[in-house]
Structure formats: C-alpha cells, structure tokens
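Asker: pasted the sequence and its predicted model underneath.
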Amino acid sequence: MGKRIIREASEIKFKRAAPEGFLSEVRRRVEAFFARSKLQRNADASMWLKTIFLIVANFALYGAILSNEFGFMGVMVLFILFGYTTSFICINIIHDVLHGSLFKNKTWNKCLGYLFDLQGFSSFNWTLTHNNDHHTFTNIAGIDKDIDKMIFLRLAPTDGYYPFHRFQHWYALPLYTLTTLNWAHYSDYVLMWDYWKKGRASNIDAGIFLFFKALYIALYIVIPIIVVNLPWWQTFMGYVLMQMFGGFLAAIVFQLAHVVEGVEYPLPDERGHMENIWVMHEMKTTSNFASDSPLTSHLFGGLNFQIEHHLFPHVSHVHYHKISPIVRQTALEYGLPYNEQKNLWHAVCSHVRMLKKFSERPDFVVAESPEKIFSPGH
C-alpha cells in the first residue's frame, strides 16, 4: 500500500517544543529589544508616510486614466504604473494589515483590509490560505497553496511530473505575469466556493466576497471602458497590462522566500506527524534575501526578511531589519539554519535554479497534490 496522502491541515501535527527552546528565547530577546528601544510593534512614521503616498498615488493614477487627457500610449503607461502601485500597496500595506500589524486596533486593521478586496483580491481567502495555512504548514505540498499550483509549475519534489515541466525554468517567469489575472478572476472564486461548501465561509462571507468582486469589475473594467476615449479593446488591453506588470512583481517577491536553494520540503508521515517542531520547520523552509539592502526592504514591504516575518507576523515589516540580527544570532546559538540569499539578483537566480531542478524527471513515482490552484505566492 502506498503512503497515505494528507489532504487536510487538521491532520498534521508538529512535535511539541520545549519551554526553554529557541522560539521562547528569540521571542524573549525581541520583546526585550522593543522594551529597551521604546518602540511599538506597529507602524512607525516612515510606514505611515509610505502608506499615504502609495494610496494617494494609486487613486491619482486611476483618476488620470479616466481623465481623457492622454492618448493610447499615455493610457497604457498609466495602467502599468497603476498595476505597480496596486502591487506595492498589497505588498507593503495590506500584507501588514491582514496580519494585524499596521494598527494596534484590530478593528482598524480589519476595516483597512477591505482595501485588498477593492484591489480585486479576497481578504477572507487570504486570511485562510496565507495567515493560517501558509504560515503554519510552510512548503508542505497539498496544504501550502503557495507551492500548490496548477500542473504548469512543479514547485515541490513531491509534485507530479509532466513532460512540459522540463521547460518550466524558461516559461515560469513569463507565466508569473498572469498571476493576479488568474487570482482575481478565477482562483479566488474557486477558493471561496470550496470554503463555502466546507463551512469555512458563511453566507455573509460569500456575500461580501461577491459584492467586492462586482465593485472591482465595475471600477477597473466597466467604468474605464465606458469613460476612457479609446476603443473598448484598447482600454481592456490596458487593464491586462496593469495586471501583468503588477502580477509579475507580486509573484516573484513571494516566490523568493520559499522556492530557492537551501530550503526544505518536509512531509508528514502516514499519521500526519511532522519530523520537527513547528519553529524548526519554519527555519528549514524559509529564506531571506537582500538583508543588507534598505531599498529592497522598503520597496518589498520587508518580505525579504521572510524568516522574521514567519516568526513575528504581528510585527510591522518596518522593524524586521532591526530584529534580524537577534534572530540570526539566536538561531546560530541553537544550531538552527538561517537561510538567506545575498541580494535580489542572487535570489532570482536561485529561484530559477530550483525551477530547473524540479524540471528534471524524478526517478521515483510522485503523487499529485490535491486541488492544485494557480494562485500567487503569499
């Protein structure tokens, strides 16, 4: 009999951590740092400035698109810039908001989280797939939807193999341009339907989801087609370009954290038991990149400090570079890995090499992960 495939997160059990272990110690040291520095875990002045700038720029670009002051090329450029600002809002602001780290107040975080829905993506789905499943079951095939894509991409050694995978290191990056198009118009609906059927989403949740989807389509597809003084297909082409440029940015940033050299892809045994405690699992499945680059951290919402983010998801990303030395030193003392790529270019190259590695036909039979959905990396 073959190995039983674990299909539900509830079936997976990590080993218990010792009270005096790495996690309790690194949390104690980080708490001491915040107390000593008299810093809050939430957004600081620089974060508020970035938040205001990105939101104002996003709305200004939308207004410029509808202004009819620009010709075809001008409108296309505006749509592309609009796509970039949308991705930067999601990466820098919404990611913090949905982890509850922008405001101290939970209600304010929840309310601003609907800005994600206004950008075309379900905050309800994200909370379940990213905050719950990805952060707990990182790189576990079939559970972590960040590595559980359509058959076009093989992102884990246990994924099924198809002949076209041998070319995935060539076509994966262009394919990433379709990430948010697919996310907003397909995979979000599939996820909501699945959650609603399983009782994880209520009728109210589904209603809010459909309301924002309809509002999004009206604001960013229907209204521009009606208002902009261009043929409808040219305006729609601008929308597609917006999604392609913004989608590539979002996809590549998230992929550099968990599909690079040095990370592992552990699986539970037939009883659903994992080999390691949770925090060791996170350290082995996560990687940082460009830790010495303030610009990279500023642009990418601190997602280059993915280890710190996984250990401290309720801390705003503007503090990750400050606590990174503490986490690195503590990991060294406890003999745990601290994976990182030197810079953004090294991380991208490492990701492509991993795609190349997984493009090779395995010499053993691998099982298909259930419910493969081509959703963006979170």
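Answerer: Done, it's in.
Asker: residue 272: how many residues sit nearby?
Answerer: 15 (other CB atoms under 10 Å). Bear in mind the C-beta positions are built from the backbone N, C-alpha and C, glycine included.
Asker: what's the closest non-adjacent residue to it?
Answerer: residue 11 (4.0 Å; CB to CB, 6 or more residues apart in numbering).
Asker: also residue 64?
Answerer: In space, residue 64 is closest to residue 78, 5.3 Å off (CB to CB, 6+ apart).
Asker: what is the neighbour count of that neighbour?
Answerer: 23.
Asker: what do you get for the one 4 residues further on?
Answerer: Residue 82: 25 surrounding residues under other CB under 10 Å.
Asker: start the count at 91 instead of 1 going forward.
Answerer: Fine by me, first position is 91 from now on; the one you just mentioned is residue 172.
Asker: list the contacts of it.
Answerer: Contacts for residue 172 (CB atoms under 8 Å, 6 or more residues apart in numbering) come out as 148, 151, 152, 155, 332, 336.
Asker: against residue 142, how distant is it?
Answerer: Remark: distance between residue 172 and residue 142 (CB to CB, to the nearest Å) = 17 Å.
Asker: repeat for residue 424
Answerer: For residue 424, the distance to residue 142 - CB to CB - is 40 Å.
Asker: cool, and residue 154?
Answerer: In terms of CB to CB, residue 154 sits 18 Å off from residue 142.
Asker: likewise for residue 170?
Answerer: The gap separating residue 170 from residue 142 is 22 Å, by CB to CB.
Asker: which one's more surrounded, the two?
Answerer: residue 170 (17 against 11).
Asker: so the more buried one, which of the three states?
Answerer: Following DSSP: H, G, I helix; E, B strand; the rest coil, residue 170 is assigned to helix.
Asker: ditto for residue 296
Answerer: helix.
Asker: strands of this structure, start to end?
Answerer: Taking DSSP state E as the criterion, the chain carries its strands at 103-105, 363-367, 377-379, 429-431.
Asker: tell me which of the ones you listed sits most buried.
Answerer: Most buried of these, by mean neighbour count (mean count of other CB atoms under 10 Å): strand 377-379, with a mean of 25.
Asker: tell me the mean pLDDT for that strand?
Answerer: The average pLDDT within strand 377-379 is 97.
Asker: that one pairs with which strands?
Answerer: strand 429-431 (parallel) (DSSP bridges).
Asker: which residues does the partner strand contact?
Answerer: 346, 350, 352-353, 373-374, 376-381, 397, 437, 440.
Asker: looking at these, which is nearest residue 412?
Answerer: For those, the closest approach to residue 412 (CB to CB) belongs to residue 381, at 11.7 Å.
Asker: tell me the contacts of that closest one?
Answerer: Applying CB under 8 Å, 6+ apart to residue 381 gives the contacts 394, 395, 411, 414, 430.
Asker: next one: stretch 275-286 to chain centre, how far?
Answerer: Stretch 275-286 sits 17 Å away from the centroid of its parent chain (CA atoms, centre = their mean, to the nearest Å).
Asker: my bad, stretch 243-257
Answerer: 21 Å.
Asker: one more: stretch 444-451?
Answerer: Using CA atoms, centre = their mean, the offset of stretch 444-451 from its chain centre is 22 Å.
Asker: what's the average pLDDT for that stretch?
Answerer: The model assigns stretch 444-451 a mean pLDDT of 94.
Asker: so which bits of it are buried?
Answerer: For stretch 444-451, a neighbour-count test (16 or more other CB atoms under 10 Å) marks 444, 445, 448, 449 as buried.
Asker: pull the most distant pair out of the residues you listed.
Answerer: Pairwise over the buried residues of stretch 444-451, using CB to CB, the maximum falls at 444 and 449, 9.5 Å.
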